[in-house]
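Chemist: dropping the sequence and predicted coords here.
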Amino acid sequence: MYFGCMFCGNIWLVDWFEITNIFLSTETQLETLLEDLGLEQLYPETLSLSTILQIDKKTITDEPAKCNSDLPWYFLKKLMMVNVTARNAKRRSKCESNVDAASGKTELDFDHLFDNLHLGDMLNPLDIITALFLCSDGLVRQEMALKMSMCQFSVPLLLPNCDTKQCTLMLWALRDIVKKYRSQSLSESKGFIEDRIVLSELPMISFVRLGECSLSKSEILNKLLSNSQQYHDTFVHHDMECGDSPKRISNGLVEITWYLPCGNKNMDVFSEPVAVANLRGDIASFETQFSFLCQTSAAVFVFFDTLDSECELLTNQHHKAQIFLVGNQQSKRSSIDALKKVATKLGLTNSNILLKTKQMNDADCHKIAKHCQQCS
C-alpha cells in the first residue's frame, strides 16, 4: 500500500506488511532478555491473539508479578483492559513478599532493604514492550498498538531488532488506529475530522538526543503535550516506575504519538493536529533512524549537553526537516564556539537554538511548543 501525508506529504511505498532498515546492535542482549521474560519460545512473531485472549487463573486474579516472566503477561492483561497502569509492570521484591507473608510484620533485614535500591535486575518498560512486539504476529501488533493508543501511550513507529540487526517500520500495526479531532478552523462549525491516522495529512515533529544529555527529553515532551489542567505520561521517562532502569534492547526505538486539538483555544496546545516522534538512544549510534526522521519530519529538535565543532552527523545530513538545537550546557567558551560553528554550517538563526543552564521549566516548554506550531 502507499503511505503518505503523515510525514509532511511524502509518499512512501510500503511492503504489504512492513519495510525494514538496517541498524547495528548485539544479538546476546535480545536472547538474554527474552529468556528473562520467558518469551524465547515465542520469538520471532509467534505470539497469537488467541493466546493472549485465553482465560486462565492469571487472567481472573490480580496477583502482582512475582518474577520477570510474569511481567509481559501482566502488561498484556492490563493493556487488553485499556488500563493506563499497564506500563507499571514491576515484580514484587523479596522484602515486599516477606511483609505480605507476615501480615505486615517483618524483622529488619538490611540485605533485602538494600536489594530494593539496586535497579540492575529491574526491567525497563520499553524493553518489555519492544520484546512483546518482536514476539507478536501481525494481529497482536495491531491490537497492542490500538490499545496503547487508547491508553494515550506512545506506540512504536520504528521497532529495533537486535537479533536480525533490522529496524521495522510499523505502519501495518498502526493501520487500525482511528483518531477524531477538531482543528481551530472547524471550531465555529462544531465539525470534526475522523480518519485512520496513517492516512491523515499530519506534519511530524521529531525529538532526538546527541550524546549524553542532562535534560529529560521524554519528560519535557510529556509536559509539552499536556494541557495546563491535566498532565499525562505519554512517553516513559526516568521518574516513572522502573523508567530509570537501563535499557537493554529498546535503544533505537522510535515512538510516535499524536496531538489532536479539541477546538478550544484555552485548552489546545496546538491549533492543528501534529504527529510527535521520539528516538530512544544516541543518534550517533542510530544514524539510520535519525536519517529517516530528518527526511520525514517537518522539524527535528536535537537535545545535547556538548557539541563537537565538526559534528559531521548533523552537518553532513541532507535535511528536509528544519533543525532546532536544544542545549543544556554550561557557558564554557569552547562549547559556545562549537555551537556557533555547527549553527553556521546548518544555516540556523537564533530562533533555531534554545539554551538552558538549569532544569527546563514550563516556560521553556512553551517556547518549544511555539516553534513546533510554526513548523506544523
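Modeler: Okay, I see it.

Chemist: what about the longest strand in the protein?
Modeler: strand 274-282 (DSSP state E).

Chemist: now do that one, average pLDDT.
Modeler: Regarding strand 274-282, the rounded mean pLDDT is 97.

Chemist: list phi and psi for residue 256.
Modeler: Per-residue torsions, residue 256: phi -140, psi 150 (degrees, to the nearest 10).

Chemist: I'd say it and residue 275 touch.
Modeler: Yes: in this structure, residue 256 is within contact of residue 275 by CB atoms under 8 Å, at 6.0 Å. Where C-beta positions appear, they are placed from N, C-alpha and C, glycine not excepted.

Chemist: those two: who's more crowded?
Modeler: For residue 256 and residue 275, the more surrounded residue by other CB atoms under 10 Å is residue 275, and the numbers stand at 24 against 21.

Chemist: pretty sure residue 251 belongs to a strand, no?
Modeler: No: going by DSSP: H, G, I helix; E, B strand; the rest coil, the assignment for residue 251 is coil, not a strand.

Chemist: one step back: overlap in contacts of residue 256 and residue 275?
Modeler: residue 204 (CB atoms under 8 Å, 6 or more residues apart in numbering).

Chemist: what segments of the chain are helices?
Modeler: In the chain, the segments counted as helices under DSSP state H are 27-37, 49-52, 57-60, 71-80, 94-101, 110-115, 125-135, 138-150, 171-174, 217-225, 287-296, 312-315, 333-346, 362-375.

Chemist: distance to residue 211 and mean neighbour count added to these, as a markdown table?
Modeler: As requested, the helices of the chain are arranged in a markdown table below (distance: least, CB to CB, whole Å; neighbours: other CB atoms under 10 Å):
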| stretch | distance to residue 211 | mean neighbour count |
| --- | --- | --- |
| helix 27-37 | 21 | 17 |
| helix 49-52 | 39 | 15 |
| helix 57-60 | 43 | 10 |
| helix 71-80 | 31 | 21 |
| helix 94-101 | 37 | 14 |
| helix 110-115 | 32 | 11 |
| helix 125-135 | 20 | 24 |
| helix 138-150 | 29 | 20 |
| helix 171-174 | 30 | 22 |
| helix 217-225 | 12 | 22 |
| helix 287-296 | 13 | 20 |
| helix 312-315 | 10 | 16 |
| helix 333-346 | 12 | 15 |
| helix 362-375 | 19 | 15 |
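
Chemist: who wins for proximity to residue 355 among these?
Modeler: helix 333-346 (8.2 Å; CB to CB).

Chemist: show the average pLDDT along that closest one.
Modeler: 84.

Chemist: quickly list what the residue nearest the centre of the chain is bridged to.
Modeler: In the chain, the centroid-proximal residue (CA atoms, centre = their mean) is residue 255; its distance is 3.7 Å. Beta-bridge pairing of residue 255 under DSSP bridges involves residue 156, residue 278.

Chemist: please renumber so the chain begins at 23
Modeler: Sure, I'll start counting at 23 from here, so that last one is residue 277.

Chemist: how many other residues sit next to the nearest residue to residue 230 once chain neighbours are set aside?
Modeler: Excluding its sequence neighbours, the residue lying closest to residue 230 (CB to CB, 6 or more residues apart in numbering) is residue 301, at 4.5 Å. Neighbourhood size, residue 301 [other CB under 10 Å]: 24.

Chemist: give the contact list for residue 301.
Modeler: Going by CB under 8 Å, 6+ apart, residue 301 touches 228, 229, 230, 231, 274, 275, 276, 308, 311, 312, 315.

Chemist: export those to JSON lines and tack on pLDDT?
Modeler: Formatted as JSON lines, those follow (pLDDT from 0 to 100):
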{"residue": "228", "pLDDT": "98"}
{"residue": "229", "pLDDT": "98"}
{"residue": "230", "pLDDT": "97"}
{"residue": "231", "pLDDT": "96"}
{"residue": "274", "pLDDT": "95"}
{"residue": "275", "pLDDT": "97"}
{"residue": "276", "pLDDT": "98"}
{"residue": "308", "pLDDT": "93"}
{"residue": "311", "pLDDT": "94"}
{"residue": "312", "pLDDT": "95"}
{"residue": "315", "pLDDT": "96"}
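
Chemist: return the member of the residues you listed nearest to residue 64.
Modeler: residue 275 (19.1 Å).

Chemist: what's the neighbour count on the closest one?
Modeler: The number of residues packed near residue 275 is 25, by other CB under 10 Å.

Chemist: distance check, it against residue 149.
Modeler: Distance, residue 275 to residue 149, by CB to CB, to the nearest Å: 9 Å.

Chemist: re the thing from before, for the helices of the chain, could you give me CSV that also reports distance to residue 270?
Modeler: Output for the helices of the chain, formatted as CSV (distance: least, CB to CB, whole Å):
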stretch, distance to residue 270
helix 49-59, 5
helix 71-74, 23
helix 79-82, 25
helix 93-102, 13
helix 116-123, 22
helix 132-137, 20
helix 147-157, 5
helix 160-172, 20
helix 193-196, 22
helix 239-247, 17
helix 309-318, 18
helix 334-337, 24
helix 355-368, 32
helix 384-397, 30
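
Chemist: and residue 348, which of those is closest to it?
Modeler: Closest among the helices of the chain, using CB to CB: helix 384-397, at 7.2 Å.

Chemist: report the angle between the closest one and strand 296-304.
Modeler: Angle, helix 384-397 to strand 296-304, by axes from the mean of the first three to the mean of the last three CA atoms, to 10 degrees: 120 degrees.

Chemist: if we can go back for a sec, roughly how far apart are the residue nearest to residue 230 and residue 90?
Modeler: Counting by CB to CB - residue 301 and residue 90 are separated by 26 Å.

Chemist: for residue 270, same thing?
Modeler: Residue 270 is 12 Å from residue 90, where distance means CB to CB.
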